[in-house]
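> model this:
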Amino acid sequence: MSNNVLECASPSAGVSGKSHTPAKATLAGVESLERLIYDRLKPVMPQLEKGYNGGLHQCVMDLVERPLIRLVLEQTQGNQCRAAEVLGINRNTLRKKILQLGLHINSNP
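Okay, here's the model as predicted:
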């Protein structure tokens, strides 16, 4: 995997265990997001394993989802319909996640 490529599984890829065909977006000078997350999680895994009895997955997902949704909302100037489109999720799902994650939306008219 190149350090200049951010690889994301295609939206149509499921969690069936079948191999994914990655959709690649070239971002000059950006480390692989997957590698960055791995490198950050690895040293704290022993503490995380002990502290989140069965809830580690949701905790990490919330930590990744919160800044992702926040950034997309900033880029779309608070337009939730456009943000949902960019994220590839339903607008109602986005609204639910905004509430669950305690995000505040500043929309520009």
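> What are the boundaries of the helices in the chain?
33-41, 45-51, 56-75, 80-87, 91-100 (DSSP state H).
> Could you single out the most deeply buried of those?
Among the helices of the chain, helix 80-87 has the highest mean neighbour count (mean count of other CB atoms under 10 Å), at a mean of 17. Where C-beta positions appear, they are placed from N, C-alpha and C, glycine not excepted.
> Now do the same contact list for the residue lying closest to residue 81 once chain neighbours are set aside.
Once flanking residues are discounted, residue 81 sits nearest to residue 91: 5.5 Å by CB to CB, 6 or more residues apart in numbering. By CB atoms under 8 Å, 6 or more residues apart in numbering, residue 91 lies in contact with 80, 81, 84.
> Which single one of the residues you listed is nearest to residue 105?
residue 80 (7.3 Å; CB to CB).
> So that closest one sits against residue 95, correct?
Yes. Between residue 80 and residue 95 there is a contact under CB atoms under 8 Å: 6.5 Å.
> which regions of this protein sit below the pLDDT cut-off?
For the chain, the stretches flagged by pLDDT under 70 are 1-31, 107-109.
> redo that, cut-off 50
1-7, 9-22, 28-29, 109 (pLDDT under 50).
> check contacts around residue 46.
So residue 46 contacts nothing (CB under 8 Å, 6+ apart).
> how near is it to residue 56?
Computed as CB to CB, to the nearest Å, the residue 46 to residue 56 distance reads 12 Å.
> Kindly report the same for residue 101.
17 Å.
> count of neighbours near residue 106?
8 (other CB atoms under 10 Å).
> residue contacts, it?
residue 78.
> Next, residue 104: phi, psi?
The phi and psi values for residue 104, taken as degrees, to the nearest 10, are phi -110, psi 130.
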